[in-house]
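Chemist: Build the 3D model from these lines:
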Amino acid sequence: MSEPLSALSGLPIPFEDSAQEQGWIARVRHGDSLAFKAIYDRYSDAMFAFAYSSLKSREEAEDVVHDIFFNILKSRESWNVNGELRTYLMRSVYNRVATLRRHLRVELASHETLVREADSPEEWAYRGSTDAPLLEQELGHAVARAVESLPPRSQQAYRLVREQALTYAAAASVMGISTHTVEIHLIRALKALRDQLASWRR
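Modeler: As a prediction, the model looks like this:
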């Protein structure tokens, strides 16, 4: 996202609308569901479009919008907006998307050990065992079964990135989705593999 926040609000909001929105905000603080709906109806589509322009995933963009409005509702009694409501909401989208990306990088890094171990089954076998070759073979079968059990899109992302050694961008091109969505599918795959292969870990 390269747009400056100052450009996100578009045309100036007329004074009447600004005053009306301040009234909505005050009513939301007092639990007025109609005021909350009015804000949602006015801005949710623009918020979704802004999130989607970065994430290129309808599901993720919808989650961003829903999370923001859920958090507003949850903390409505102390909710306060300085400046224009549109700018506040667009900044919330911007910050939420940035947070998602940071968490995504952390999660991918945290699963790298599992991927390396799954690619090298001998690292999982008990080193003192006389049945190490058999354990390696059994683990290989367990990894194959675990990958086969993944949801189709997660399995495809895993095979393209980890088995075919494609970059995220190349896998995204093959799958017809964004690089960000490939990363999400890969995280889901790695989490599932971690759970299914837990008994093999030392």
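
Chemist: Going by C-alpha atoms from here, please, whenever you check contacts or count neighbours.
Modeler: Noted.

Chemist: what's near enough to touch the nearest residue to Ala35 once chain neighbours are set aside?
Modeler: Nearest residue to Ala35 in three dimensions, chain neighbours excluded: Trp24, at 5.0 Å (C-alpha to C-alpha, 6 or more residues apart in numbering). Counting by C-alpha atoms under 8 Å, 6 or more residues apart in numbering, Trp24 touches 35-36, 38-39.

Chemist: Any chance you could list what contacts the secondary structure element (helix or strand) that Ile39 belongs to?
Modeler: Here Ile39 sits within helix 33-55, counting by DSSP states H and E. By C-alpha under 8 Å, 6+ apart, the residues outside helix 33-55 that reach it are 1, 21, 24-25, 27-28, 58, 60-62, 64-65, 69, 86, 89-90, 93-94, 97, 178, 180-181.

Chemist: Filter the residues you listed down to the ones in helices?
Modeler: 21, 24-25, 27-28, 58, 60-62, 64-65, 69, 86, 89-90, 93-94, 97, 180-181 (DSSP state H).

Chemist: Drop anything exposed from the residues you listed.
Modeler: Buried subset of the ones in helices among the contacts of helix 33-55 (neighbour count, 16 or more other C-alpha atoms under 10 Å): 21, 24-25, 27-28, 60-62, 64-65, 69, 86, 89-90, 93-94, 97, 180-181.

Chemist: okay if I get the contacts of Trp24 as TSV plus neighbour count, distance to Gln155 and pLDDT?
Modeler: Output for the contacts of Trp24, formatted as TSV (neighbours: other C-alpha atoms under 10 Å; distance: C-alpha to C-alpha, whole Å; pLDDT from 0 to 100):
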residue	neighbour count	distance to Gln155	pLDDT
Ala35	19	44	91
Phe36	19	40	93
Ala38	12	41	92
Ile39	19	40	94
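
Chemist: among those, which two are most distant?
Modeler: The largest separation in the contacts of Trp24, counting by C-alpha to C-alpha, is between Ala35 and Ile39 at 6.4 Å.

Chemist: pLDDT value on Leu139, please?
Modeler: Leu139 is assigned a predicted lDDT (pLDDT) of 68.
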